[in-house]
Structures are given as C-alpha cells and as structure tokens.
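Novice: what follows is a predicted structure for the sequence shown.
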Amino acid sequence: MGVITMAKIIGTVTHYYDKLGVGIIKLKSPLKVGDTVKFSGHKTHFEQMVQEIQLMHKDVTAGKKSQEIGIKVTDKVRDGDKVELA
C-alpha cells in the first residue's frame, strides 16, 4: 500500500504580469530559491524550480510568511491559483 502525502499550500497567486512572465504570490509559508513549486487552478497545472525571488523589486534568496513576492514563471498563472511545494 502506498503512502499518501498531503501537499502543503504555501501561497496564492494574486497577479500575473504576462509581458514579464512574473507571478505575484501571497505567501502563507516560507519559500526559497531552489524550491520546486506546483501551480494549480482551474486552467493551471505545472511544476517548476524557483530560480529567483523578488521582493519590492529587489532580488532576495527567500520569502517569508505573509509577504507578497514575485517569481519568474515558465507558464501562465492566474489570480487565485494555489501554490504548493512539490
């Protein structure tokens, strides 16, 4: 019998800048560069490694709970999409 693991939702997408390919995420838990995240929503389903994080237009190595951070995304994300650690 397999082990079932619960995905940990770490945030929600609040905005997407399509020209920049950047998603803004309101964090519920910490996130750091190098983490792999999964985006899921009505039309969104993909995973990617976090290559960089920006906070207030400055590069940072991690985001903390309750911060709104920006990350470059490999596909379109939508407001309300859930973000979880993969």
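Specialist: Ah, there it is.
Novice: who does the helix or strand containing G23 touch, helix- and strand-wise?
Specialist: Taking DSSP states H and E as the definition, G23 sits inside strand 22-27. Applying 3 or more Cβ pairs under 8 Å, 6 or more residues apart in numbering; DSSP states H and E, one finds that strand 22-27 contacts strand 9-17, strand 68-72. All C-beta atoms are positioned from the backbone trio N, CA, C, and that covers glycine.
Novice: can you redo these as JSON lines with mean neighbour count?
Specialist: Conversion of those to JSON lines gives the following (neighbours: other Cβ atoms under 10 Å):
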{"stretch": "strand 9-17", "mean neighbour count": "17"}
{"stretch": "strand 68-72", "mean neighbour count": "18"}
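Novice: so can I have JSON lines of the ones you listed showing mean pLDDT and distance to P30?
Specialist: Shown next, in JSON lines, are the helices and strands packed on strand 22-27 (pLDDT from 0 to 100; distance: least, Cβ to Cβ, whole Å):
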{"stretch": "strand 9-17", "mean pLDDT": "97", "distance to P30": "8"}
{"stretch": "strand 68-72", "mean pLDDT": "98", "distance to P30": "10"}
